[in-house]
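Asker: sharing a sequence plus its predicted fold:
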Amino acid sequence: MQQDDFDTLVPRPDPSRRDFVRCAVGGGFAAAVLPIAAQTVVRTDSAGLVAGEVTIPVGDFRLPAYRAAPAGRAQAPVLLVVSEIFGVHEHIADVVRRFAKAGYFAVAPQLFVRQGDAAAYTEIARLVAEVVSKVPDEQVLRDLDATLAWASGQGADTSKAGVTGFCWGGRITWLYAAHNPQIKAGVAWYGRLVGDKNPLQPVNPVELAGQLRAPVLGLYGGQDSGIPLDSVERMKAALAQGSVAAKQSRFVVYPDAGHAFHADYRPSYRADAAQDGWKRTLAWFAEHGVG
């Protein structure tokens, strides 16, 4: 993982420190993103939802996660939400609730928890070096499989399952769409497509493009210094030579947006791109049987 994948945060007006106290999965903001914008643009309540922290069995391990679903609705379609490098903090929990408001059983597992507490790190470089880079892809895919199985046991409809993720989670979205045949569609928000490999992260999405089991919509920023547009073009070329799902995959590049343009609690937020991307996300899942 490359440091320049993550844009540098700049100081904003002085928000209350209580916003940053992490009391549970989905509560507070990760320390490495401080200071956040004085006011996040989107805040989603839990009215009409069943929402909060849950634990998911993965063998003998109990994986913490944040889940939200429409109250009283059985067999809601499932969305796996894969976080940024900062883990499942307040923004990701809000995104989960947004999906639940749209009718989904949405769940974001805390995929770094075995390696460390992503919320506690104050420096992005140390967080990447000491936690994120030590998370094996194999572990992540296994945890997502377990999350999907758990959702089925909770009454959700895993025959209508999708996956979406942001930044680090965008890369994982591509990998998972090539891994699990239950997934009907994916949406990858500015996930890295090429880069250095190692024994824990042995493959890049571009190498798996032809093996996709589900079509993926890629939402990328034209000004993203960590994900150059030539890597998007390489991915398009690989998809064009691949499976049926690969050929169905699409990219939308927002010319004026940089990295993390959906993150409404950060200076990188671009409302026009974020809002358009959200509409396209819901339409993509509906088009491909997730909904």
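Answerer: Cool, got the structure.

Asker: show me where pLDDT drops low in the chain?
Answerer: 1-24, 26, 34, 37-40 (pLDDT under 70).

Asker: so which residues of it form strands?
Answerer: Taking DSSP state E, the strands of the chain run over residues 49-58, 61-70, 77-82, 105-109, 157-166, 183-189, 216-221, 250-254.

Asker: switch the ones you listed over to TSV; also include mean neighbour count and distance to Gly291.
Answerer: C-beta: built from backbone N, CA, C; applies to glycine. Putting these into TSV (neighbours: other C-beta atoms under 10 Å; distance: least, C-beta to C-beta, whole Å) gives the following:
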stretch	mean neighbour count	distance to Gly291
strand 49-58	17	17
strand 61-70	22	12
strand 77-82	28	5
strand 105-109	29	11
strand 157-166	24	7
strand 183-189	28	9
strand 216-221	27	14
strand 250-254	16	17
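
Asker: nearest to Glu123, of those?
Answerer: With distances scored as C-beta to C-beta, the stretch of the strands of the chain nearest to Glu123 is strand 157-166 (20.1 Å).

Asker: sheet partners, orientation included, of that closest one?
Answerer: For strand 157-166, the pairing partners within the sheet under DSSP bridges are strand 77-82 (parallel), strand 183-189 (parallel).

Asker: could the ones you listed be laid out in a markdown table, adding distance to Gln211?
Answerer: Putting the strands paired with strand 157-166 into a markdown table (distance: least, C-beta to C-beta, whole Å) gives the following:
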| stretch | distance to Gln211 |
| --- | --- |
| strand 77-82 | 19 |
| strand 183-189 | 13 |
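
Asker: now render the strands of the chain as JSON lines, adding distance to Ala151.
Answerer: Supplementary listing: those in JSON lines, determined by distance: least, C-beta to C-beta, whole Å:
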{"stretch": "strand 49-58", "distance to Ala151": "9"}
{"stretch": "strand 61-70", "distance to Ala151": "8"}
{"stretch": "strand 77-82", "distance to Ala151": "5"}
{"stretch": "strand 105-109", "distance to Ala151": "6"}
{"stretch": "strand 157-166", "distance to Ala151": "6"}
{"stretch": "strand 183-189", "distance to Ala151": "12"}
{"stretch": "strand 216-221", "distance to Ala151": "20"}
{"stretch": "strand 250-254", "distance to Ala151": "26"}
